[in-house]
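1. Give me a model of this one.
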Amino acid sequence: MPLFGLPPIRLAGRMAADAIRQFNTALGRDAEELLAVFRLLPDTSARRAILRTLRSGVDWRGQVITMLDRAYLAEGLPTLVIWGGHDAVIPLGHGRLAHAAMPGSELEIFDEAGALSTSH
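-> A predicted model of the protein is given here:
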């Protein structure tokens, strides 16, 4: 990970982000945020925090932590689940699942949130 701080690697990352952005995809739309994360990787404390977070919640199968086994704790609490209809990071299906797992919750979907813009 310290290699991400080297100028050639940073340049390659910038070029890749610029190329991805041209495709007008959700990943391209988030390219700047992804680059910001990679810029932090050479920093030892930031790298440790990112690795600790990944190790605690992600393995070879993907994300392994969910709230489903604790969702019942929200019963009786006013809970509003808000989701973007086109969320590119965490799909709407996850929001629906969270809502279904929390008795008495309300789900508000912003249909156009996360939608790719057709105009530039």
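
2. Not counting its neighbours along the chain, what's nearest the residue of the chain positioned farthest from its centre?
-> Here the centre of the chain is the reference, and by Cα atoms, centre = their mean the most remote residue is G76, at 28.6 Å. Distances taken as Cβ to Cβ, 6 or more residues apart in numbering put G104 closest to G76, at 6.9 Å, once the chain neighbours are dropped. Every C-beta, even on glycine, is put in place using the N, C-alpha and C of the backbone.

3. Mind telling me what element the one you found is part of?
-> For G104, there is no host helix or strand (DSSP states H and E).

4. In contact with it, which residues?
-> Applying Cβ atoms under 8 Å, 6 or more residues apart in numbering, we find G104 in contact with 74-79.

5. thinking again about what came up before, which of the three states applies to the residue farthest from the centre of the chain?
-> With DSSP: H, G, I helix; E, B strand; the rest coil as the basis, G76 sits in coil.

6. so how far is T79 from the residue nearest to G76?
-> Per Cβ to Cβ, to the nearest Å, G104 is found 7 Å from T79.

7. How about G85?
-> Counting by Cβ to Cβ, the gap from G85 to T79 is 19 Å.

8. With A12 instead?
-> Noted for A12: a distance of 44 Å to T79, by Cβ to Cβ.

9. The two: who's more crowded?
-> More crowded of A12 and T79, by other Cβ atoms under 10 Å: T79, with 16 against 11.

10. so who does the closest residue to the more buried one other than its chain neighbours touch?
-> Leaving out its chain neighbours, the residue that sits closest to T79 by Cβ to Cβ, 6+ apart is S105, at 4.0 Å. Applying Cβ under 8 Å, 6+ apart to S105 gives the contacts 74, 79-81, 98-99.

11. Please produce JSON lines containing those, extended by pLDDT and distance to F38.
-> Putting the contacts of S105 into JSON lines (pLDDT from 0 to 100; distance: Cβ to Cβ, whole Å) gives the following:
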{"residue": "A74", "pLDDT": "86", "distance to F38": "35"}
{"residue": "T79", "pLDDT": "93", "distance to F38": "35"}
{"residue": "L80", "pLDDT": "95", "distance to F38": "34"}
{"residue": "V81", "pLDDT": "94", "distance to F38": "31"}
{"residue": "A98", "pLDDT": "91", "distance to F38": "29"}
{"residue": "H99", "pLDDT": "93", "distance to F38": "33"}
